[in-house]
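[1] no FASTA, just this:
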């Protein structure tokens, strides 16, 4: 491997790894649902469990802890019997929610164009001889 190739690989690793780690965390299967559900105000564990179809209690607990650790959720425990716990978004998570909303809008606007492009690609690839 050449020196310049090594430097490029190191630069990509140094810049992309932290970004990839964050995106993997916030774009996870369950994280997006949790962030969207919590965006509408403080939400309790059972409300999240009902709102996120298919999530187990264990996965919900793990994801809530990760999002809290990452500074995206605030966990508030009220001293009642039984204890009442609510989750709400941090300012950083509110900013992320706005970005997710923009991404969803983009996907909705371009859904049919993407479907058309896929169909055209599939048709063209069926007519093309295999060269790979």
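    That came in fine, so what should we check first? All figures in this text were calculated on a predicted structure; none of them were measured in a lab.

[2] give me the residues contacting stretch 93-107.
    Applying CB atoms under 8 Å, 6 or more residues apart in numbering, the contact partners of stretch 93-107 are 26, 32, 35, 36, 38, 39, 67, 71, 72, 73, 89. For the C-beta atoms, the positions are set from N, CA and C on the backbone; glycine is no exception.

[3] could you redo the last one with a cut-off of 7 Å?
    Outside stretch 93-107, the residues that touch it by CB atoms under 7 Å, 6 or more residues apart in numbering are 26, 32, 35, 39, 72, 73, 89.

[4] just give me how far that stretch sits from the chain centre.
    Distance of stretch 93-107 from its chain centroid, counting by CA atoms, centre = their mean, to the nearest Å, is 10 Å.

[5] try stretch 72-82
    The chain centre lies 24 Å from the centre of stretch 72-82; the measure is CA atoms, centre = their mean.

[6] swap in stretch 91-102?
    Between the centre of stretch 91-102 and the centre of its host chain there is 11 Å, according to CA atoms, centre = their mean.

[7] buried set for that stretch?
    Across stretch 91-102, burial judged by 16 or more other CB atoms under 10 Å covers 93, 96, 97, 100.

[8] pLDDT on it, on average?
    Along stretch 91-102, the predicted local confidence has a mean pLDDT of 91.

[9] whichever of the contacts of stretch 93-107 end up buried, select them in ChimeraX.
    Selection command for ChimeraX covering only the buried members of those, criterion 16+ other CB under 10 Å:
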select :26,32,35,39,72,73,89
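
[10] so which of the contacts of stretch 93-107 sit within strands?
    Those of those mapping onto strands are 73, 89, per DSSP state E.
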